[in-house]
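> I would like to see how this sequence folds:
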Amino acid sequence: MFVKELMHRDVKTTASDATVLEAARKMTQNNIGCLIVVNDTLEGIVTERDMLNKIVSSSRDPSQVRVRDIMTRDVVSVSPDKDVEEATDIMSKHRIKRLPVVFGNEVVGIITSTDIVSILSKAIREIYSQQ
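Predicted coordinates for the structure are as follows:
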């Protein structure tokens, strides 16, 4: 299976100059755990963990902090034409739960650990149904 077959295409984004509060509200409204930070190209990713570790745990005011101040800048990504197995290897190696899918300079999707668990669950059910 290829990454393009599994990825979510409706990627939610934010600007690096948005406040962390704005980003958190957008994540809550969309029931997601991260936002891709873009201007013309991929700049970074901001996650729930970033907010917890860099804002909540140090009692910072999320309305006064910009996304660019807490986002991960060196984003690991994958091509849509790669095999899902390669994507899972990348996620495991880098210990990440969310993997942007990039084609050229454009973010075209995202794969999450939840997506991986879903296909593994289906594969396990299929194996047991054949026994």
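> Please enumerate the strands of the protein.
With strands called from DSSP state E, the chain shows them at 13-14, 34-38, 42-47, 98-103, 106-112.
> Now do the fourth one against strand 34-38, angle only.
I take that to be strand 98-103. Angle of strand 98-103 versus strand 34-38, following axes from the mean of the first three to the mean of the last three CA atoms, to 10 degrees, is 40 degrees.
> Over to the longest one?
Between the direction of strand 106-112 and that of strand 34-38, the angle (the same axes, to 10 degrees) works out to 160 degrees.
> Residues touching strand 106-112, excluding its own?
Under the contact criterion CB atoms under 8 Å, 6 or more residues apart in numbering, strand 106-112 has outside partners 3-4, 6-9, 11, 13, 33-34, 36, 38, 41-42, 77-78, 80, 84, 87, 91, 97-102. All C-beta atoms are positioned from the backbone trio N, CA, C, and that covers glycine.
> Relative to the whole chain's centre, how far out is it?
Taking CA atoms, centre = their mean, to the nearest Å, one finds strand 106-112 lying 8 Å from the centre of the chain it belongs to.
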